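S.K.: sharing a model that was predicted from the sequence below.
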Amino acid sequence: MAQTPHTPRPTGRPAHQNVTFDSHGSTAHGYLALPASGHGPGVIVIQEWWGLTDHIADVADRLAAEGFVALAPDLYGGNVAHDSEEAFRMMRDLPVERGVALLSGAVDCLLALPQVTSDTVGAVGFCMGGGFVLYLAAADQRVSAAVPFYGVIQGEVPDFSRLKAQILGHYGERDEAIPPATLDGLRAAISSQSGVTADFRMYPADHAFFNDGRPEVYDARSSARAWAATVEFLKGTLAA
């Protein structure tokens, strides 16, 4: 990650939770945002390593304003990191397999909602959550649109042989955590295993450039471009 030790987390409140759902034999929590119309395609929003913060809830609200039913599952069970050391520990303590299982349960929840009009879902995630977007899409064919923002792959590259989702990724040219050259190998793995051509887009920005709660890295112009592309991609893919 690009954060330095003791970087404050960009939120002033505990984890946002307003919905409970079953996930693989356990009870999970999350934040659900509904569009004004009351119905729309479903999108999973996956948190950064900080937890289910104000920023992630705001992304869900912004997707709802665009007509989506957005669910941000809480992968940390109500905990939110206060500095990068704690965030790293919490991320480390969440095995990828467990995270994917929780997210798959969130897909179950979303597709079961009467407000959701799509047969598949989109997935949008940031940093750790961006990596989980790719892990989830590789494991769950009900994800048809995957949008990783500066997604960090933890450990082995996913097995993309069952991937069906189209992929639109957003990355910063100055991101030291994810050097642009490393994306060539990821793109090649996705293509060779699944036949899907990932659209990875670069921006003149740093890691976490979309997080407007972190002014030291936030890039308004790059964020606006990435957001517009994301909304267009989700609408086009989930409506197909």
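M.R.: That came in fine, so what should we check first?
S.K.: each with direction, which strands does the one helix or strand residue 120 maps to pair with?
M.R.: Assigned by DSSP states H and E, residue 120 belongs to strand 116-126. If you go by DSSP bridges, strand 116-126 pairs up with strand 40-46 (parallel), strand 143-149 (parallel).
S.K.: between the ones you listed, which one is nearest to residue 223?
M.R.: strand 143-149 (9.5 Å; Cβ to Cβ). In this view, the C-beta of every residue, glycine as well, is placed from N, C-alpha and C.
S.K.: specify the angle between the next helix or strand after that closest one and strand 143-149 in degrees.
M.R.: The first helix or strand that comes after strand 143-149 along the chain, using DSSP H and E, is strand 166-172. Strand 166-172 and strand 143-149 are oriented at 10 degrees to each other (axes from the mean of the first three to the mean of the last three Cα atoms, to 10 degrees).
S.K.: which secondary structure elements does the helix or strand following strand 166-172 sit against?
M.R.: Going down the chain from strand 166-172, the next helix or strand is helix 182-194, by DSSP H and E. When contacts are defined as 3 or more Cβ pairs under 8 Å, 6 or more residues apart in numbering; DSSP states H and E, helix 182-194 sits against strand 166-172, strand 199-203.
S.K.: can I get the CA coordinates of the longest one in PDB?
M.R.: Included here for strand 166-172 are C-alpha records, laid out as PDB according to Å, rounded to 0.1, in the frame of the first residue of the first chain:
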ATOM      1  CA  GLN A 166     -16.000  -7.500 -18.400                       C
ATOM      2  CA  ILE A 167     -13.300  -5.500 -16.600                       C
ATOM      3  CA  LEU A 168     -12.600  -1.800 -16.400                       C
ATOM      4  CA  GLY A 169      -9.700  -0.900 -14.100                       C
ATOM      5  CA  HIS A 170      -8.500   2.500 -12.900                       C
ATOM      6  CA  TYR A 171      -4.800   3.000 -11.800                       C
ATOM      7  CA  GLY A 172      -2.500   5.900 -11.000                       C
END
